[in-house]
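Visitor: Next input, structure requested:
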Amino acid sequence: MIRKLRRRATEPEWMDDERAGGEELRQAYRHLRRLNRLLGAASPVRYGVERLWKRAGRPKRLTILDIGAGSGDVNRALLRWADRKGVALEIVAVDRSSDACREAEEMYRDEPRVSVRQADLFSLEDRCADIVTASQFLHHFATEHLTLVVAKMVSASRIGVVIQDIHRHVVPWAAVWLITRLISRNRYIRHDGPLSVAKGFRKADWEGLRQHLRANLIAHDAEVSWRPLFRYAVIIPKDIGDAVT
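Guide: Alright, predicted model coming up:
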């Protein structure tokens, strides 16, 4: 397994199959929420959003678009953060899966600050949100497509992008393999959980992406931060002149 993790896995995740659907898939989203809580998935996103918010001058209002949101559970931490900071926050959770969108709609049915939209990344309008976030989304794409995907996220944002994804290493792989078998009998979770780690990133992968973004004039910089429980927060700011007030 250590040798296999030296390179990003290319095997597709079962939850990405357009033929997937129904109650078993919706159960997988519910079990994934539990896994995200156990492994601290929300913390790197909150960290990145706060960094961009401060850089933009701590605006009183903020719009966030969460692409590939799944059931959107990491956004609950952002809502709590906004309450503490006194920020009027609006979040749009976007996913191409109708099952994911139904789960998100159910989760946030009593939360007017969150809306749900079924859409693909490449259908998004330019500058449609202050910050575009992507939590465990980027690893679903092949390495050769990463620059194009991030470029679209950058163009959809006004002040920047926050990416949270998994460190590709035997320790998180083993931990996720074990936890998924302890918390779930769902075949999607048991297959895709460990695979998502194998499709994750290392520091050299982020450095390669950073260089591509600069070379293609997509982003002048990208800050890559190591965060607890084997995760990365990647922050891509846009020019201060694009900041909200």
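
Visitor: and the longest helix seen in the chain, average pLDDT?
Guide: Longest helix in the chain by number of residues (criterion: DSSP state H): helix 23-38. Mean per-residue pLDDT for helix 23-38: 94.

Visitor: list the helices and strands it packs on?
Guide: Using 3 or more CB pairs under 8 Å, 6 or more residues apart in numbering; DSSP states H and E as the contact definition, the elements that helix 23-38 packs against are helix 98-107, helix 170-183, helix 187-198. In short, each C-beta sits where N, CA and C put it, glycine included.

Visitor: in this structure, which spans are helices?
Guide: Under DSSP H, the chain gives helices at 23-38, 42-55, 75-85, 98-107, 146-156, 170-183, 187-198, 203-215.

Visitor: quick one: buried residues of the lengthiest strand in the chain?
Guide: For the chain, the strand that runs over the most residues, judged by DSSP state E, is strand 157-166. Along strand 157-166, the positions that meet the burial threshold by neighbour count (16 or more other CB atoms under 10 Å) are 157-166.

Visitor: go on, stretch 52-66?
Guide: Buried-residue list, stretch 52-66, by 16+ other CB under 10 Å: 52-53, 56, 62-66.

Visitor: cool, and stretch 177-192?
Guide: For stretch 177-192, using 16+ other CB under 10 Å, the buried residues are 179-180, 183-184, 186, 188-192.

Visitor: Could you list the alpha-carbon positions for it in PDB?
Guide: Coordinates of the C-alpha atoms in stretch 177-192 are reproduced here as PDB (Å, rounded to 0.1, in the frame of the first residue of the first chain):
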ATOM      1  CA  TRP A 177     -10.300   2.100   6.100                       C
ATOM      2  CA  LEU A 178     -10.900   1.200   9.700                       C
ATOM      3  CA  ILE A 179     -13.300   3.900  10.600                       C
ATOM      4  CA  THR A 180     -15.500   3.300   7.500                       C
ATOM      5  CA  ARG A 181     -15.800  -0.300   8.600                       C
ATOM      6  CA  LEU A 182     -16.700   0.600  12.100                       C
ATOM      7  CA  ILE A 183     -19.300   3.200  11.400                       C
ATOM      8  CA  SER A 184     -21.000   1.900   8.200                       C
ATOM      9  CA  ARG A 185     -21.900  -1.100   6.200                       C
ATOM     10  CA  ASN A 186     -22.700   1.100   3.200                       C
ATOM     11  CA  ARG A 187     -20.800  -0.200   0.200                       C
ATOM     12  CA  TYR A 188     -20.200   3.400  -1.200                       C
ATOM     13  CA  ILE A 189     -18.600   4.500   2.000                       C
ATOM     14  CA  ARG A 190     -16.400   1.400   2.400                       C
ATOM     15  CA  HIS A 191     -15.200   1.700  -1.100                       C
ATOM     16  CA  ASP A 192     -14.900   5.400  -1.600                       C
END
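
Visitor: if you average pLDDT over it, what comes out?
Guide: Stretch 177-192 shows an average pLDDT of 96 in the prediction.

Visitor: which residues sit against it?
Guide: Outside stretch 177-192, the residues that touch it by CB atoms under 8 Å, 6 or more residues apart in numbering are 13-15, 20, 24-25, 27-28, 31-32, 34-35, 38-39, 193-194.

Visitor: Distance to residue 78 added to the helices and strands packed on helix 23-38, as CSV?
Guide: Listed next are these as CSV, based on distance: least, CB to CB, whole Å:
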stretch, distance to residue 78
helix 98-107, 14
helix 170-183, 23
helix 187-198, 22
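
Visitor: Nearest to residue 227, out of those helices?
Guide: Nearest to residue 227, of all these, is helix 170-183, at 12.2 Å by CB to CB.
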